[in-house]
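[1] Could you work out the structure for the sequence below:
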Amino acid sequence: MTESLIEIIERSKQDIFWAVKSCKMVALWDQVVDERVSRNTEAVKLRNKVLYVNTATSTWAQELTFLKRDIIRHFNEKAGEEAVKDIKFKAAGERIGGKI
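    Numbers count the residues shown, from 1 in each chain. All right, here's what the predicted structure looks like:
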């Protein structure tokens, strides 16, 4: 069965809405963490309520893993909803967004 043009447009609108919302949520990262953490990390994407964050070093990734629950709580408070259930930290091994 072929999909009608209206169905395709409606689905596209929803996809665009979620893409924009995801970008807004990722942008909250620098407001949630302090300046020192912000300089050494970069939120990359939000998918299925999992926030993916690159870190400058593996030490940063490990340290932030210990603080994950507090960061998630603060992030969701800032977002005004349960936007994040988990955070995955990954050592990028390079400069983070030109911030370092």
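[2] For the closest residue to Lys85 other than its chain neighbours, the count of nearby residues, please.
    Closest residue to Lys85 apart from its sequence neighbours, by Cβ to Cβ, 6 or more residues apart in numbering: Lys49 at 4.3 Å. Every residue, glycine included, has its C-beta placed from N, CA and C. Around Lys49 there are 13 other residues, counting by other Cβ atoms under 10 Å.
[3] And Lys49, how close does it get to Glu42?
    From Lys49 across to Glu42, the span is 19 Å (Cβ to Cβ, to the nearest Å).
[4] so how far is the helix or strand hosting Phe75 from its chain's centroid?
    Assigned by DSSP states H and E, Phe75 belongs to helix 68-79. In terms of Cα atoms, centre = their mean, to the nearest Å, the centre of helix 68-79 is set 11 Å apart from its chain centre.
[5] per-residue confidence averaged over it?
    Per-residue pLDDT over helix 68-79 has a mean of 96.
[6] got the contact list for it?
    For helix 68-79, contacts defined as Cβ atoms under 8 Å, 6 or more residues apart in numbering pick out 25, 28-29, 31-33, 51, 64, 82-87, 89.
[7] Select from the residues you listed the one having the most neighbours.
    Leu51 (26 neighbours).
[8] which of the residues in the helix or strand hosting it are buried?
    Secondary structure from DSSP H and E places Leu51 in strand 50-55. Within strand 50-55, the residues that count as buried by 16 or more other Cβ atoms under 10 Å are 51-55.
[9] May I see the buried residues of whatever helix or strand comes next after that strand?
    Following strand 50-55 in sequence order, the next helix or strand is helix 58-66 (DSSP H and E). By neighbour count on 16+ other Cβ under 10 Å, the buried set for helix 58-66 is 60-61, 64.
[10] so how far is helix 58-66 from its chain's centroid?
    On Cα atoms, centre = their mean, the centre of helix 58-66 falls 16 Å from the chain's centre.
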